[in-house]
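>>> From the sequence below, what's the structure:
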Amino acid sequence: MPLVFNQEAINGILFTLHFQKELPIVAHQKLMQMTGKEVMDVKQVTEFFEKIDNEEFGLKKMEEITLAQVLNVPDFGARYLDIDTRLRLRKTCTTIREIINQKPLHIDCLHYECEGENIEISTNEGFKVTYKINEEGLKVTSRDRVKSINAESEEKKIKLIQQDLMSILCSEKLRINTLRIESDQMSLGPRIGMKALRNTLNQIPNKLKINNLEYFVLESRDVVLKAALKKIDPEHLRFLQRKNESFYWASILNIYTAASIKEWKRLKSLKISCPKLLIPDIINSYTHFEYAHLEICRFYGRSDIMLSKYIIVLIDKLLQNPNLKQLKICAENEMGAVEFQDINGILQQYNNNAPYSCWISIPYPDSDKKLEMLVEKNMIWFKGPCYVKGELEEERSDEEDDMPPI
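Numbering: from 1, shown residues only. I've put the predicted structure just below:
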């Protein structure tokens, strides 16, 4: 729905621009940006400014004026104030920008993607703006609007992208269900798009209220992920998904410093691909989650300790987590036949189900709750007492569950 401006609203906007000490010609340009058309020419704006200077026009109790009064819409609610409208209104003046920041903004999924020389910010509600980087600057596309901006230096290109990111993320009333960050640019440090995001995260004054963070970036140092985790309010973050095929990336836990280990413990759900993660790491730091899906390279820890010893310790740790839904560990390389037989032999004491069932059932101490476990050569899967079929994870077929052990 387009914004409607009556003369009273236009007067209020011009009064604000005069208060910001804008020249009439600049105020005329900003008024056109806000209204989308010329509602007053430069001469009329100049004459209006003269009336203000001569005290022939004034607004009483300016501090009580609200944006809903300036803009002729009912309470200027969230259904009118989408991201595209915010970006346009924030570029008018400081006063309106401050008011915009106080308005609620709820985003189901905010997607930030860097692919080659293209950067895209989008939501699943239909907002999308793309930036094409070239030698001269940026080509910005939003809906049917295309604009070329001269910016030869990398610093200026970053700043231009950062301005739009700040317009979205700096609001105190912002709530995001899922923030998804993607980049195919493999390097030792972030490129232009990721630098703009990193700078924005470092400069936002408020903690971000984000429930789920999905981070798919081919960048070994994870400087942007560190900035994101530092800026997201740990009271809101519940699920972290991270994929990295690099062997240089040892553990997601390394991103959390010792000072923020409480934030790590607050996380409820985790899904990561981390080749260098080993079973001892999982035992030490990954058994507190309600849900965890871990993709690793191999199961082995230290070569002088049998894998079955680690598995027994892992079981003991999980039996201390009564809120467990599931922990699934998938390895690219299968465990050896000897290790596989050794683990199955140790676990036979718990196999009180059907003769050829793949699953075993382990009782929680002093409780009627059960920890169910499935071992395959490339997967170890635990289901805890809070497991709900179909939640978060695709289920295996009944035929697979009934296959006899190898």
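>>> count of neighbours near residue 142?
For residue 142, the count of nearby residues is 18 (other C-beta atoms under 10 Å). All C-beta spots, glycine's among them, are computed from the backbone N, C-alpha and C.
>>> what's near enough to touch the nearest residue to it once chain neighbours are set aside?
In space, and not counting its chain neighbours, residue 142 is closest to residue 129: 4.4 Å by C-beta to C-beta, 6 or more residues apart in numbering. Going by C-beta atoms under 8 Å, 6 or more residues apart in numbering, residue 129 touches 87, 120, 121, 122, 140, 141, 142, 164.
>>> With respect to residue 209, which of these is nearest?
Distances from residue 209 to those, taken as C-beta to C-beta, are shortest for residue 121 (18.3 Å).
>>> ok so, going back, name the residues linked to the residue nearest to residue 142 by a beta bridge.
residue 121, residue 142 (DSSP bridges).
>>> For it, give its distance to residue 264.
34 Å (C-beta to C-beta, to the nearest Å).
>>> What of residue 376?
The value you get for residue 376 to residue 264, if C-beta to C-beta is used, is 29 Å.
>>> ditto for residue 382
Applying C-beta to C-beta to residue 382 and residue 264 gives a distance of 20 Å.
>>> Neighbour count: the two, which is higher?
residue 382 (23 against 20).
>>> The residue lying closest to the more buried one once chain neighbours are set aside - how many residues pack around it?
Nearest residue to residue 382 in three dimensions, chain neighbours excluded: residue 327, at 4.4 Å (C-beta to C-beta, 6+ apart). Neighbour count for residue 327, taken as other C-beta under 10 Å: 26.
>>> Then residue 115?
So residue 115, with other C-beta under 10 Å, has 12 neighbours.
>>> Quickly list what the residue nearest the centre of the chain is bridged to.
By C-alpha atoms, centre = their mean, the chain has its centre lying nearest to residue 179, at 2.3 Å. Residue 179 forms beta bridges with residue 110, residue 213, as assigned by DSSP bridges.
>>> Hmm, residue 209 and it touching each other?
No: here residue 179 lies out of contact with residue 209, judged by C-beta atoms under 8 Å, at a distance of 10.5 Å.
>>> how long is stretch 288-308 from one end to the other?
21 Å (C-alpha to C-alpha, to the nearest Å).
>>> What of stretch 145-155?
Span of stretch 145-155 from end to end, C-alpha to C-alpha: 24 Å.
>>> what is the mean pLDDT for that stretch?
In this model, stretch 145-155 has a mean pLDDT of 88.
>>> Buried residues of that stretch, list them for me.
Buried residues in stretch 145-155, counted by 16 or more other C-beta atoms under 10 Å: residue 151.
>>> so how far is that stretch from its chain's centroid?
Computed by C-alpha atoms, centre = their mean, to the nearest Å, the separation of stretch 145-155 from the middle of its chain amounts to 26 Å.
>>> can you list contacts of it?
So stretch 145-155 is contacted by 135, 136, 137, 138, 139, 140, 141, 157, 160, 192 (C-beta under 8 Å, 6+ apart).
>>> Can you report phi and psi for the second one?
The main-chain torsion angles of residue 136 are listed as degrees, to the nearest 10 and equal phi -80, psi -30.
>>> Read off the pLDDT value for it.
On pLDDT, residue 136 comes in at 88.
>>> ok, now how distant is the closest residue to it other than its chain neighbours from residue 137?
Using C-beta to C-beta, 6+ apart and skipping the chain neighbours, the partner closest in space to residue 136 is residue 150 (6.0 Å). The gap separating residue 150 from residue 137 is 5 Å, by C-beta to C-beta.
>>> which stretches of the stretch 251-400 of the chain have low pLDDT?
Applying pLDDT under 70 to the stretch 251-400 of the chain flags residues 251-262, 301-304, 351-357, 391-400.
>>> All the strands of it, residue numbers only.
269-273, 291-296, 326-331, 359-363, 370-376, 379-383 (DSSP state E, counting those that start in this stretch).
>>> just the stretch 1-150 of the chain next, same as before
105-115, 118-123, 128-133, 137-142, 145-150.
>>> Domain map for this structure?
7-101, 104-256, 277-406 (automatic domain parsing).
>>> Break down the stretch 101-250 of the chain into its helices, ranges please.
For the stretch 101-250 of the chain, helices defined by DSSP state H, counting those that start in this stretch occupy the ranges 154-169, 192-203, 223-231.
>>> Could you dump the ones you listed into CSV with distance to residue 284 added?
Formatted as CSV, the helices of the stretch 101-250 of the chain follow (distance: least, C-beta to C-beta, whole Å):
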stretch, distance to residue 284
helix 154-169, 34
helix 192-203, 29
helix 223-231, 19
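>>> among these, which gets the worst mean confidence?
helix 223-231 (a mean of 86).
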